[in-house]
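Peer 1: okay, here's the prediction I keep looking at, along with the sequence it came from:
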Amino acid sequence: VAANTRGLALINDLVEECGLEIVQAYMSHIQNNAESAVRNMLVEFSHSHNLPEIGSVKAEDFLDDGSSIKLTVTINRKSGTAIFDFKGTDPEVYGNLNAPPAVTASAVIYSLRCMVPNVDIPLNQGCLAPIEILIPEGCILSP
């Protein structure tokens, strides 16, 4: 709460100093830049892995209890978009290994940002603009 309160105060100071229109314009530019960087990275990733124009890569990993998280990422080079599909991920478990969809989205956005080469972009919603995340209900990623 304290960090949000401090952030709000800083944004209010910035708006007071520069004006709302300018602050909103810069925020928009930052998100647009992040979106463009992620789209470009997706296209480059697709080429570097010799995927067709619409192609997929798959991964599976296991939690400490053996529960499986499965991911298929389908990249559309023409649109610079991707679908992160967690179909096949094991059902929710009794205990603390489950994660709500917001945690999954956080992991996706952080991973995307780390994969963007030679561009230092802040984490923001623009990173997820070209991304669709599909999480089956009742799995460990959507308990």
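Peer 2: Ah, there it is. As the structure is a prediction and not an experimental result, all values here were calculated from the model. Numbers count the residues shown, from 1 in each chain.
Peer 1: Leu51: what's it in contact with?
Peer 2: Val57, Ile75, Arg77 (CB atoms under 8 Å, 6 or more residues apart in numbering). Every C-beta, even on glycine, is put in place using the N, C-alpha and C of the backbone.
Peer 1: which one of those is nearest Pro130?
Peer 2: Relative to Pro130, the closest of those is Ile75; by CB to CB it sits at 9.7 Å.
Peer 1: quick one: distance of the helix or strand hosting the closest one to the chain centre.
Peer 2: If you go by DSSP states H and E, Ile75 is part of strand 68-76. Chain-centre distance of strand 68-76: 13 Å, with CA atoms, centre = their mean, to the nearest Å.
Peer 1: neighbouring contacts of it?
Peer 2: For strand 68-76, using CB under 8 Å, 6+ apart, the contacting residues are 42-43, 45-46, 51, 53-63, 81-90, 140-141.
Peer 1: buried only: go through those for me.
Peer 2: 42-43, 45-46, 51, 81-82, 84-86, 89-90, 140-141 (16 or more other CB atoms under 10 Å).
Peer 1: let me see the mean pLDDT of the next helix or strand after the strand holding Ile75.
Peer 2: Next helix or strand after strand 68-76 toward the C-terminus (DSSP H and E): strand 81-85. Strand 81-85 shows a mean pLDDT of 98.
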